[in-house]
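Student: Test case, fold it:
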Amino acid sequence: YVVLVAPSGKARKGTAMRPCMNFLRKLGIKLAAEAITREALIREMNNSTNTYIDEKTGTITIHSSLTVFSQELTVFLGYHNQQLISDLCDWYDCRDVWTYRTKTAGTDEIYGVWLNLIGATTPEMLQCSLPPDAIGGGLTSRTIFVQAKDKDKLVPIPFKTKRELELEELLLHDLEQISMLQGRFSVTEKWLDKWVQWYTDQAMNPPFTQPQLQGYNERRPTHLLKLCMIASAARSDSLIIELEDFDKA
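Tutor: Numbers count the residues shown, from 1 in each chain. Here you go, the predicted model:
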């Protein structure tokens with residue numbers, strides 16, 4: 001879960017996200033509606049089920065992968081929507097099976113839960129939309145917040161240069177290759193040595209001592225692992241996580 005946070009109109013959050021939406025659509029990535037009820041979101045996740053076969057072992061794996069793309073995060077989250085926030089906390093751990101039961105519609109079982117979320121909001125709206133218990137050990141500890149106070153530069157007449165258009169095509173090609181990767185990641189011995197050292201050090205000397213950030217401290221290893229996979233996929237199609245991926249993550 002990644003959320004861009006900046007004052008309204010100051011840092012151009014939507015401008016930063018818009019090209020990403022173009023890539024997602026061109027790649028055929030399954031997207032949830034920006035404004036959606038909890039029940040409809042669960043249904044969309046259930047409908048996004050897919051499978052892949054591990055060429056090495058022949059094992060068939062089922063996954064339900066869905067991406068939430070919300071330029072106004074509060075539209076997606078609603079106001080103090082405790083049930084949806086609890087669901088997002090559950091889904092973050094990528095359960096093998098997640099069960100949803102209703103009084104009248106029966107039972108839905110979602111296999112291989114994988115929900116991605118990219119959103120944007122202002123500091124004020126973030127405080128309004130989240131209940132107090134979501135701070136610290138709840139949803140915020142599972143989210144990477146990217147914060148800016150102002151735009152990086154002024155662009156009176158935005159346009160893409162010839163080189164930028166070429167880079168856009170190259171990036172689309174890379175993303176197409178990444179989207180076709182499947183299977184299990186493996187790690188090198190150097191990565192494993194660094195991981196063990198880092199995991200121990202950060203457990204003994206947590207980077208944050210405030211009570212509100214203890215939940216985030218506990219989830220930093222999961223954030224790091226997910227970022228290592230992203231860094232590896234961006235660098236190579238080997239599905240091998242190396243030391244440089246650790247350092248980047």
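
Student: biggest helix in the protein, by residue count?
Tutor: helix 214-235 (DSSP state H).

Student: Give me the helices and strands touching it, please.
Tutor: helix 162-179, helix 189-204, strand 240-241, helix 243-248 (3 or more CB pairs under 8 Å, 6 or more residues apart in numbering; DSSP states H and E). Any C-beta I mention is one placed from the backbone N, CA and C, and that applies to glycine too.

Student: who does whichever helix or strand residue 85 is part of touch, helix- and strand-wise?
Tutor: Take DSSP states H and E as the rule and residue 85 turns out to sit in helix 82-92. With contacts taken as 3+ CB pairs under 8 Å, 6+ apart, helix 82-92 sits against helix 38-47, strand 113-121.

Student: what are the C-alpha coordinates of stretch 26-38, in PDB please?
Tutor: Taking Å, rounded to 0.1, in the frame of the first residue of the first chain, the C-alpha atoms of stretch 26-38 are listed here in PDB:
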ATOM      1  CA  LYS A  26      -2.300  -0.600 -21.500                       C
ATOM      2  CA  LEU A  27      -1.000  -3.600 -19.600                       C
ATOM      3  CA  GLY A  28      -4.500  -4.800 -18.800                       C
ATOM      4  CA  ILE A  29      -3.900  -4.800 -15.000                       C
ATOM      5  CA  LYS A  30      -7.200  -5.500 -13.100                       C
ATOM      6  CA  LEU A  31      -8.300  -2.400 -11.400                       C
ATOM      7  CA  ALA A  32     -11.000  -1.800  -8.800                       C
ATOM      8  CA  ALA A  33     -13.500   1.000  -9.100                       C
ATOM      9  CA  GLU A  34     -12.300   4.200  -7.400                       C
ATOM     10  CA  ALA A  35     -15.600   4.600  -5.500                       C
ATOM     11  CA  ILE A  36     -16.800   1.200  -4.400                       C
ATOM     12  CA  THR A  37     -18.600  -0.500  -1.500                       C
ATOM     13  CA  ARG A  38     -16.900  -3.100   0.600                       C
END
